[in-house]
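Asks: no sequence on this one, just coordinates:
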């Protein structure tokens with residue numbers, strides 16, 4: 001299976017979820033074996049290139065943030081990373097004029113649509129993947145994140161919230177053949193109304209609205225139109241997991257299990273995977289294996305229909 005990049009530049013404008021600042025982001029084509037990089041176009045006089053890779057992640061509440069040695073950073077990258085992985089885009093340069101990726105509607109679907117509009121093209125080099133050979137796991141109380149061997153990427157996620165409108169939810173998906181775009185891409189970030197109030201008191205979620213997040217209050221869904229899926233919260237957690245796993249630097253062939261897991265735990269899991277001798281191997285994806293990668297063959301018909 002060949003690597004892919006964009007045919008032309010995809011442009012996105014919006015507001016940062018936490019900063020509330022207006023931002024423009026341009027996702028450019030990139031050469032073979034480039035991987036995914038961010039470029040802070042608003043920074044002058046310092047290294048403004050930031051690798052979208054697991055060991056560039058620094059601790060951050062509520063989102064995934066990457067930074068370079070010079071201190072340049074970009075936050076809330078998980079949705080665009082999920083869209084790239086779910087569209088089988090291996091190489092891209094993401095130029096952004098602020099410190100936070102725009103939240104748009106709170107899901108990854110607008111990014112996927114933008115990529116499909118720009119065009120996705122094959123490149124003259126094989127995709128290398130990370131095959132999980134031995135199970136690795138991290139825990140934090142009742143929260144668990146685990147990777148174990150599988151012929152393709154599978155995501156199995158379980159959540160449990162006190163909010164009656166969320167409650168206990170579980171879902172498992174084989175991520176091949178455009179499953180991410182069809183099943184997960186339009187699921188939005190979510191939170192409790194009490195959390196929104198608390199975050200704004202701390203200067204967070206300044207760009208959050210009922211239009212770019214699903215807000216729950218007890219048994220009620222406050223966002224207009226309600227849920228896009230009855231289990232939208234667990235689907236969004238799976239979306240986040242794909243975006244965070246994409247920071248491995250290559251597609252993963254393995255089964256990911258998350259139980260009440262979040263961004264930080266998935267990054268801890270990747271760090272443990274790469275620190276464990278014999279737990280993984282780099283493999284060239286050819287033939288049947290390549291056809292099982294997320295996003296291979298995805299097209300506009302895979303996008304969920306929205307009213």
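Replies: The structure has been received and is ready for your questions. Just so it is clear, the structure is predicted and the values come from calculations on it, not from any experiment.
Asks: Please spell out which residue in this protein sits farthest from the middle.
Replies: Distance to the chain centre peaks in the chain at residue 45, reaching 29.8 Å (criterion: C-alpha atoms, centre = their mean).
Asks: Which of the three states applies to it?
Replies: When classified by DSSP: H, G, I helix; E, B strand; the rest coil, residue 45 comes out as coil.
Asks: give the contact list for it.
Replies: Residue 45 makes no contacts at all, as judged by C-beta atoms under 8 Å, 6 or more residues apart in numbering. For glycine as for every other residue, the C-beta is placed from the backbone atoms N, C-alpha and C.
Asks: List the buried residues of the helix or strand harbouring residue 196.
Replies: Secondary structure assigned from DSSP states H and E places residue 196 in helix 193-201. Going by neighbour count (16 or more other C-beta atoms under 10 Å), the buried part of helix 193-201 is 196, 199.
Asks: hmm, back to that, pull up the gap between the residue farthest from the centre of the chain and residue 71, please.
Replies: According to C-beta to C-beta, to the nearest Å, residue 45 and residue 71 sit 12 Å apart.
Asks: Next: residue 257.
Replies: Distance from residue 257 to residue 71, by C-beta to C-beta: 35 Å.
Asks: which one of the two has more residues nearby?
Replies: residue 257 (20 against 9; other C-beta atoms under 10 Å).
Asks: mind giving me the domain ranges of this protein?
Replies: 2-126, 129-302 (automatic domain parsing).
Asks: And these, which one averages the lowest pLDDT?
Replies: Set side by side, the domains of the chain give their lowest mean pLDDT on domain 129-302, at a mean of 92.
Asks: And it, end to end?
Replies: 24 Å (C-alpha to C-alpha, to the nearest Å).
Asks: Same question for stretch 180-193.
Replies: End-to-end distance of stretch 180-193 (C-alpha to C-alpha): 28 Å.
Asks: Please point out which parts of that stretch sit buried.
Replies: 180-192.
Asks: Specify which member of the residues you listed is nearest to residue 238.
Replies: Residue 238 lies nearest to residue 184 out of the buried residues of stretch 180-193, by C-beta to C-beta, at 5.4 Å.
Asks: before we move on, the earlier item: by contact count, what packs against the helix holding residue 196?
Replies: Packing partners of helix 193-201 (3 or more C-beta pairs under 8 Å, 6 or more residues apart in numbering; DSSP states H and E): strand 214-217.
Asks: and the strand it packs on, what does it pack onto?
Replies: So strand 214-217, by 3+ C-beta pairs under 8 Å, 6+ apart, packs with strand 190-192, helix 193-201, helix 232-245.
Asks: how about 7 Å then?
Replies: strand 190-192, helix 193-201 (3 or more C-beta pairs under 7 Å, 6 or more residues apart in numbering; DSSP states H and E).
Asks: Which residues does it contact?
Replies: Residues from elsewhere that reach strand 214-217 (C-beta atoms under 7 Å, 6 or more residues apart in numbering): 163, 165-166, 188, 190-193, 196, 221-223, 227, 232.
Asks: I'd like those written out as CSV, with distance to residue 57 added.
Replies: Listed next are these as CSV, based on distance: C-beta to C-beta, whole Å:
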residue, distance to residue 57
163, 28
165, 31
166, 27
188, 23
190, 22
191, 22
192, 26
193, 29
196, 25
221, 31
222, 31
223, 29
227, 30
232, 26
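Asks: which one of the helices and strands packed on strand 214-217 lies closest to residue 92?
Replies: With C-beta to C-beta as the yardstick, what comes closest out of those is strand 190-192 (27.2 Å).
Asks: Who does the closest one pair with, and is each partner parallel or antiparallel?
Replies: strand 214-217 (parallel) (DSSP bridges).
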